[in-house]
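# have a look at this prediction, sequence included:
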Amino acid sequence: MAWFITFLAIALIVATAGAKHRASRRYNLPLENSALSLAILKESLLENSSEYALQKLKDFATEKNLIIPTEEYPLGKAKNIELDDNVFLKQAAWLDSLTPLEFKEEHQTEKTFVTGILRLYSDDAIFRALKEFAQKFPSEKQQKLEQGYRTLCELRDNSKADYDSLEKLRMEKEKWEKLAREWFTA
């Protein structure tokens with residue numbers, strides 16, 4: 001019995017050390033890729049709405065001479081789903097005001113533009129980017145990408161909050177992302 005308790009204690013210590021190591025590396029950003037670093041920091045803030053994550057993003061933006069929104073980022077989560085949706089919409093709009101760096105590249109390609117679109121959060125920002133994408137790189141494939149996102153939004157807006165509906169929505173989102181990623185293999 002003593003060996004079992006010792007084993008559990010060692011396992012707990014190893015797990016804790018691993019968690020601390022992962023946490024310390026969380027913001028070890030790829031210095032050679034500012035666009036990816038920005039995307040990581042934005043995603044981290046959205047997933048872990050904390051002062052620490054917000055400050056890391058602001059520090060990075062200042063270092064890269066990016067304009068930081070003047071309004072405060074809505075930290076935290078709401079107590080119920082309806083309010084949480086509202087908080088998420090505000091967070092997404094704030095994050096999208098920090099334009100993905102792929103849109104600022106001098107020699108922009110379809111691939112970099114699509115990468116930028118995949119790094120947006122709000123419908124408004126995604127539709128604006130899709131419209132600009134259509135102007136810069138018109139194609140049947142681009143039209144399918146835009147129509148796919150419209151279908152995804154329609155499904156989301158008309159879905160129930162049950163497991164089957166959420167699963168169907170997840171599958172539709174994966175289908176849309178797969179269509180977008182076809183630019184990466186072309």
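Structure's in. What do you need? Residues are numbered from 1 along each chain as shown.
# which element is Val76 on?
One thing to correct before we go on: residue 76 is Gly, not Val. Counting by DSSP states H and E, there is no helix or strand that carries Gly76.
# distance of it relative to Leu155?
From Gly76 across to Leu155, the span is 28 Å (C-beta to C-beta, to the nearest Å). In this view, the C-beta of every residue, glycine as well, is placed from N, C-alpha and C.
# more neighbours: which of those two?
Neighbour comparison, Gly76 and Leu155: the larger count goes to Leu155, with 15 against 10 (by other C-beta atoms under 10 Å).
# how about the contacts made by that one?
Counting by C-beta atoms under 8 Å, 6 or more residues apart in numbering, Leu155 touches Lys168, Leu169, Glu172.
# got a winner among the residues you listed for most neighbours?
Most surrounded of these: other C-beta under 10 Å gives Glu172, at 18 neighbours.
# show me which residues of the helix or strand hosting it are buried.
Under the criterion of DSSP H and E, Glu172 resides in helix 163-185. By 16 or more other C-beta atoms under 10 Å, the buried positions in helix 163-185 come out as Glu172, Trp176, Leu179, Ala180, Trp183.
# show me how the chain divides into domains.
Structurally, the chain divides into domains by automatic domain parsing as follows: 28-80, 99-186.
# which of those domains has the lowest average pLDDT?
When the domains of the chain are compared by mean pLDDT, domain 28-80 comes last with a mean of 86.
# run a quick neighbour tally on Gln142.
Gln142 - counted by other C-beta under 10 Å - has 19 other residues nearby.
# checking it next. Helix, strand or coil?
helix (DSSP: H, G, I helix; E, B strand; the rest coil).
# so it sits against Glu132, correct?
No. Contact criterion C-beta atoms under 8 Å: Gln142 and Glu132 do not qualify, at 10.7 Å.
# picking up where we left off before, and the two most separated of the buried residues of helix 163-185?
Glu172 and Trp183 (19.1 Å; C-beta to C-beta).
# and the gap between Asp96 and Arg128?
With C-beta to C-beta as the criterion, Asp96 and Arg128 are 9 Å apart.
# show me where this protein has strands.
Remark: no strands are assigned in the chain by DSSP state E.
# what about Leu95, neighbour count?
Quick note: Leu95 (other C-beta under 10 Å) scores 24 neighbours.
# what sits closest to it if chain neighbours are left out?
For Leu95, ignoring the flanking residues on the chain, the nearest one in space by C-beta to C-beta, 6 or more residues apart in numbering is Lys42 at 4.9 Å.
# what is the burial count for the one you found?
Neighbour count for Lys42, taken as other C-beta under 10 Å: 24.
# just the one 5 residues further on next, same as before
The criterion is other C-beta under 10 Å. On that basis, Glu47 has 9 neighbouring residues.
# cool, and Gln147?
Gln147, neighbours per other C-beta under 10 Å, totals 13.
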